[in-house]
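*Asks:* no sequence for this one, just the structure:
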């Protein structure tokens, strides 16, 4: 899934497991799937999530990434992705729209007619799990592809050797899709499975890490851009939580330069 473009989710159907051996990938898949407590979900949703975890054609996992930011801002973005999209739109990085729904899900749409419903199914310390389903095109005139996906994000607050605090994260994706439409799209655009998988994972991670860093570095910008756009108490309460994180940064400094090239310099915070 990508919130920069719903085409990122459709790219999942062309991605496979990456460089690990097939046996290693199968073991990692089973271990990760077992960590998702589907028994907590309602019957219909549980069935759909279980089907993706057990019968999806795709499982892929990204690299571990470390980056400086204010951890509170990062966690806020995880739980309010629609405001993350609003911020990326303000930077001109995406044209996608994402709106919260009454049932707690988020409905995204792009300019090619694609739609994606994004639902949080697990939120706890160090982990988030989302279920997504939708359909769309990877590019104009491409066949429509339907896909369902489960996204598992693990994260930990860390501290660098230079004293900066930040986040270490890793993303894993399971997907079940329309195989014939995906095969045709793959032939038409000539996109390799490895390249597509890498792109999807990178976009998922960057959506959260990039904005968490940018807001930590530019708190004044965040205070100006992330403001209520409609009347009502809900957006005011949501944004008040973020503003409490941003306001002290306008006086005390920033997170530091984004640099994930040396993840071993980061250690878990005590």
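*Replies:* Noted; the coordinates are in hand. Because the structure is a prediction, the values reported are computed rather than measured. Numbering: from 1, shown residues only.

*Asks:* How about residues contacting stretch 71-86?
*Replies:* Outside stretch 71-86, the residues that touch it by CB atoms under 8 Å, 6 or more residues apart in numbering are 3, 94, 96-100, 106, 108, 118, 120, 123, 128, 153, 155, 157, 165-167, 207-209, 211-212, 215-216, 225-226, 229, 238-239, 241-242, 245-246. Placement of C-beta: from N, CA and C, glycine included.

*Asks:* Okay, buried residues for that stretch please.
*Replies:* In terms of neighbour count (16 or more other CB atoms under 10 Å), stretch 71-86 has its buried residues at 71-78, 80-86.

*Asks:* Quick check: what element follows whatever helix or strand residue 215 lives in along the chain?
*Replies:* Per DSSP states H and E, residue 215 falls inside helix 193-217. The first helix or strand that comes after helix 193-217 along the chain, using DSSP H and E, is helix 219-225.

*Asks:* Which strands or helices does that following helix pack on?
*Replies:* On a contact count with 3 or more CB pairs under 8 Å, 6 or more residues apart in numbering; DSSP states H and E, helix 219-225 meets helix 81-90, helix 193-217, helix 233-246, helix 249-252.

*Asks:* Need the winner for burial among those helices.
*Replies:* Of the helices and strands packed on helix 219-225, the one with the most neighbours on average (mean count of other CB atoms under 10 Å) is helix 193-217, at a mean of 22.

*Asks:* where's it relative to the chain centroid, distance-wise?
*Replies:* Centre-to-centre, helix 193-217 and its host chain are 7 Å apart (CA atoms, centre = their mean, to the nearest Å).

*Asks:* Report the inter-axis angle for that helix versus helix 233-246.
*Replies:* Angle of helix 193-217 versus helix 233-246, following axes from the mean of the first three to the mean of the last three CA atoms, to 10 degrees, is 80 degrees.

*Asks:* Could you check how far the residue positioned nearest the centre of the chain is from residue 133?
*Replies:* Per CA atoms, centre = their mean, the C-alpha nearest to the average position across the chain is that of residue 204, at 3.8 Å. As judged by CB to CB, to the nearest Å, residue 204 and residue 133 stand 16 Å apart.

*Asks:* Show the average pLDDT along the helix holding residue 215.
*Replies:* For helix 193-217, mean pLDDT is 80.

*Asks:* By mean pLDDT, flag the weakest helix or strand of this protein.
*Replies:* When the helices and strands of the chain are scored by mean pLDDT, DSSP states H and E, helix 7-10 comes last with a mean of 38.

*Asks:* Next SSE downstream of that helix?
*Replies:* Per DSSP H and E, the helix or strand that comes after helix 7-10 is helix 22-34.

*Asks:* all helices of the stretch 51-200 of the chain, in order?
*Replies:* 71-79, 81-90, 179-189, 193-217 (DSSP state H, counting those that start in this stretch).

*Asks:* Tell me the helices and strands packed up against the last one.
*Replies:* The reference is to helix 193-217. Against helix 193-217 (3+ CB pairs under 8 Å, 6+ apart) you get helix 7-10, strand 58-61, strand 65-68, helix 71-79, helix 81-90, strand 145-160, strand 165-177, helix 219-225.

*Asks:* Just want the angle from it to helix 81-90.
*Replies:* 90 degrees.

*Asks:* now the end-to-end length of stretch 87-97.
*Replies:* Using CA to CA, to the nearest Å, the end-to-end distance of stretch 87-97 comes out at 11 Å.

*Asks:* So what's the gap between that stretch and the chain middle?
*Replies:* 15 Å.

*Asks:* picking that back up, may I see the helices and strands packed on helix 219-225 arranged in a markdown table, with distance to residue 31 as well?
*Replies:* Formatted as a markdown table, these follow (distance: least, CB to CB, whole Å):
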| stretch | distance to residue 31 |
| --- | --- |
| helix 81-90 | 26 |
| helix 193-217 | 18 |
| helix 233-246 | 34 |
| helix 249-252 | 38 |
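
*Asks:* So which of the ones you listed is nearest residue 59?
*Replies:* helix 193-217 (10.0 Å; CB to CB).

*Asks:* could you check the angle strand 145-160 makes with the closest one?
*Replies:* Using the same axes, to 10 degrees: helix 193-217 against strand 145-160 is 50 degrees.
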